[in-house]
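> Give me a 3D structure for the following:
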Amino acid sequence: GRLYQVVYTAEGAPVIGLSFAALRDCVSWIKHGSDDVPSPANGIEFAYAYGRSQTGRFLRTFVHNDFNRDEEGREALDGLIANVAGGMRGEFNQRFGQNSKDRNNMMHQLFPFTSVEQTDLETEEVGSLHKKLDKRGSPLKVMYTNTSAEYHRADASLIHTDTEGRTDIEQGSNTRVYHFAGTEHGLGVWPPTDEGFIVTGTERSQNMRSVIDYSPLLRACLLNLDAWVTQGIGAPHSKHPRIKEGTLVSPSELSRVFSQIRGANYPKRHAIPRRRGFLPEDGTEHPEILPPEVGEAYGGLVPAVNSDGNETAGIIAPEIAVPLATHTGWTLRHPDIGGESQLLMFAGGTIPFCSTEHERREVGDHRPSIEERYSDRRDYLDKVRVEAEELVEQHYLLKRDIDISLELASRMWDYFVSGKTQE
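Predicted coordinates:
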């Protein structure tokens, strides 16, 4: 559970800054062909990019540097979805840059975070992630989607607040920000376990891992993006927790709720992204000081929760809106893998409700039991359908995915109530 930092002088840096131009030129070739090599797919009018985690950070960096205009001055990408990138960019254009390095305290070009101009109140630096796009009037449509895990590493909130975490910031007209409430960095782990997808024994958690699959919400984002680009139908409004609504709060505020949930194991320490002074050279992103000078903390915030411990803002999947458990974007490392007081990075947790009132009273769980909440399986699934239909009405879920939501809810009921596991 420890990280060791070794600083040394190296030589032989590989060229790693060409990836942006490579993406731009490849997409432009697919859309338009070239003088020497025709397009492999004639008739392509629009191109979209999807990036998850590291590649999501890549797309945020692509946007920041505005590599979207090809050598003929045409837009390469027409839309993109940067998923679970939080407020980070990445080392994609630095000497000895490590593309996979993603801890929030390591990135030396974090500011600016938002799609509109903002001022760092500590350093008085002014900037915007989309400054270069906006300056030339680019029509590129952008969606930033995140889970609760990126909020609990304390950087996702910075894409829609000021740097101190005091006020909300609205997005530009070509940008949407969506939060998939109560989910982890990945698409959830099923069957339920305290192990992840990596080698057994290396990412074990203190709670059952998150079981929520948010891919139906992503599918809706893709179709909304397509309609936005091709038909001019505005994508649904940004949906995420907000300071002014009391749904975006300090991490410490959640301890009151989770201290009352048996076995929750809410972290006593929280991720704190700080300003890092790498003093990059003028006009470049190459750091001059390593290790960097450590500055003041940013105001990272997390989604507020109800008495069940479930989040109250963002796009709430039907299986969370009609809950059988508490679903979090955090969980601690298991003592077996060390560092048990630390967050298991990227992981979320599932803390099931008791099945019956008798069981709830025996263990002293203040959360109402499943028996108290729903008369039977049919009652539960009917409520899930209502929530799914509401999301469809708001265009955050596709109509054809109502059945998927019911399937996901059914397997949870069978496991948590009947003890049956569906693959």
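> where does the protein have low pLDDT?
Within the chain, the stretches with pLDDT under 70 are 102-109, 197-201, 281-283, 420-423.
> Show the contacting residues for the closest residue to Thr163 other than its chain neighbours.
Counting by C-beta to C-beta, 6 or more residues apart in numbering, Thr163 lies nearest to Asp120, which is 4.9 Å off, once chain neighbours are set aside. For every residue, glycine as well, the C-beta is placed using N, CA and C. Listed by C-beta atoms under 8 Å, 6 or more residues apart in numbering, the contact set of Asp120 reads 111-112, 126-127, 163, 275.
> likewise Ser115?
128-130, 142, 144, 159, 171-172, 174-175.
> in the stretch 1-150 of the chain, which spans are strands?
Using DSSP state E, counting those that start in this stretch, the strands of the stretch 1-150 of the chain run over residues 48-52, 79-83, 118-119, 126-127, 141-147.
> among those, which is the most enclosed?
With neighbours taken as mean count of other C-beta atoms under 10 Å, the strands of the stretch 1-150 of the chain reach their highest mean count in strand 141-147, at a mean of 26.
> That one: partners in the sheet, and parallel or antiparallel?
strand 79-83 (parallel), strand 175-180 (parallel) (DSSP bridges).
> Would you point out which residue is most central in the protein?
Centroid-nearest residue in the chain, with C-alpha atoms, centre = their mean: Asn146, separated by 2.2 Å.
> Now the two most distant members of the contacts of Asp120.
Spatial extent of those (C-beta to C-beta) is set by the pair Val126 and Arg275 at 14.8 Å.
> Do a quick rundown of the helices in the stretch 51-200 of the chain.
Using DSSP state H, counting those that start in this stretch, the helices found in the stretch 51-200 of the chain span residues 54-65, 131-135, 148-152.
> quick check, distance from the last one to the centre of its chain.
The reference is to helix 148-152. For helix 148-152, the separation from the chain centroid amounts to 7 Å (computed by C-alpha atoms, centre = their mean, to the nearest Å).
> Packing partners of that helix?
When contacts are defined as 3 or more C-beta pairs under 8 Å, 6 or more residues apart in numbering; DSSP states H and E, helix 148-152 packs onto strand 175-180, strand 302-303.
> which outside residues touch the helix or strand following the first one?
For strand 175-180, the succeeding helix or strand toward the C-terminus, using DSSP states H and E, is strand 208-209. Around strand 208-209, the neighbours that count as contacts under C-beta under 8 Å, 6+ apart are 184, 188-189, 192-196, 331, 347-352.
> that older thread, dump the strands of the stretch 1-150 of the chain to JSON lines, plus distance to His179.
Supplementary listing: the strands of the stretch 1-150 of the chain in JSON lines, determined by distance: least, C-beta to C-beta, whole Å:
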{"stretch": "strand 48-52", "distance to His179": "16"}
{"stretch": "strand 79-83", "distance to His179": "12"}
{"stretch": "strand 118-119", "distance to His179": "19"}
{"stretch": "strand 126-127", "distance to His179": "23"}
{"stretch": "strand 141-147", "distance to His179": "6"}
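> For Ile212, which of the ones you listed is the nearest?
Comparison of the strands of the stretch 1-150 of the chain against Ile212 by C-beta to C-beta identifies strand 141-147 as nearest, at 8.9 Å.
> Can you pull out the residues in contact with stretch 302-313?
With contacts defined as C-beta under 8 Å, 6+ apart, stretch 302-313 is touched by 148, 151-152, 154, 157, 179, 181-182, 239-242, 245-251, 253-254, 257-258, 261, 264, 314, 320, 323, 326-329, 351, 353, 366-367.
> What is the end-to-end distance of it?
Stretch 302-313 has its terminal residues 11 Å apart, counting by C-alpha to C-alpha, to the nearest Å.
> and it, how far out from the chain's middle?
With C-alpha atoms, centre = their mean as the basis, stretch 302-313 stands 16 Å off its chain's centre.
> How about Ser157, nearest residue that isn't a chain neighbour?
Leu301 (4.3 Å).
> what residues are up against that neighbour?
Shown in contact with Leu301 (C-beta under 8 Å, 6+ apart): 151, 154, 157, 161, 165, 241, 243, 248-251.
> In ChimeraX, how would I select the buried members of the residues you listed?
In ChimeraX, a selection of the buried entries from those looks like this (16 or more other C-beta atoms under 10 Å):
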select :151,154,157,161,165,241,243,248,249,251
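> Count the residues that sit near Leu18.
11 (other C-beta atoms under 10 Å).
> any idea how far it lies from Asn93?
9 Å (C-beta to C-beta, to the nearest Å).
> Surely Pro251 is in contact with Arg153?
No: counting by C-beta atoms under 8 Å, Arg153 is not a contact partner of Pro251; they are 10.5 Å apart.
> which residues do these two both contact?
Gly300.
> quick one: which of the contacts of Asp120 is nearest Met412?
With C-beta to C-beta as the yardstick, the closest approach to Met412 among the contacts of Asp120 comes from Thr163, at 38.8 Å.
> Could you pull up phi and psi at that closest one?
Main-chain torsions, Thr163, degrees, to the nearest 10: phi -70, psi -20.
> same check, this time on Glu288
Note on Glu288: its backbone torsions stand at phi -100, psi -20 [degrees, to the nearest 10].
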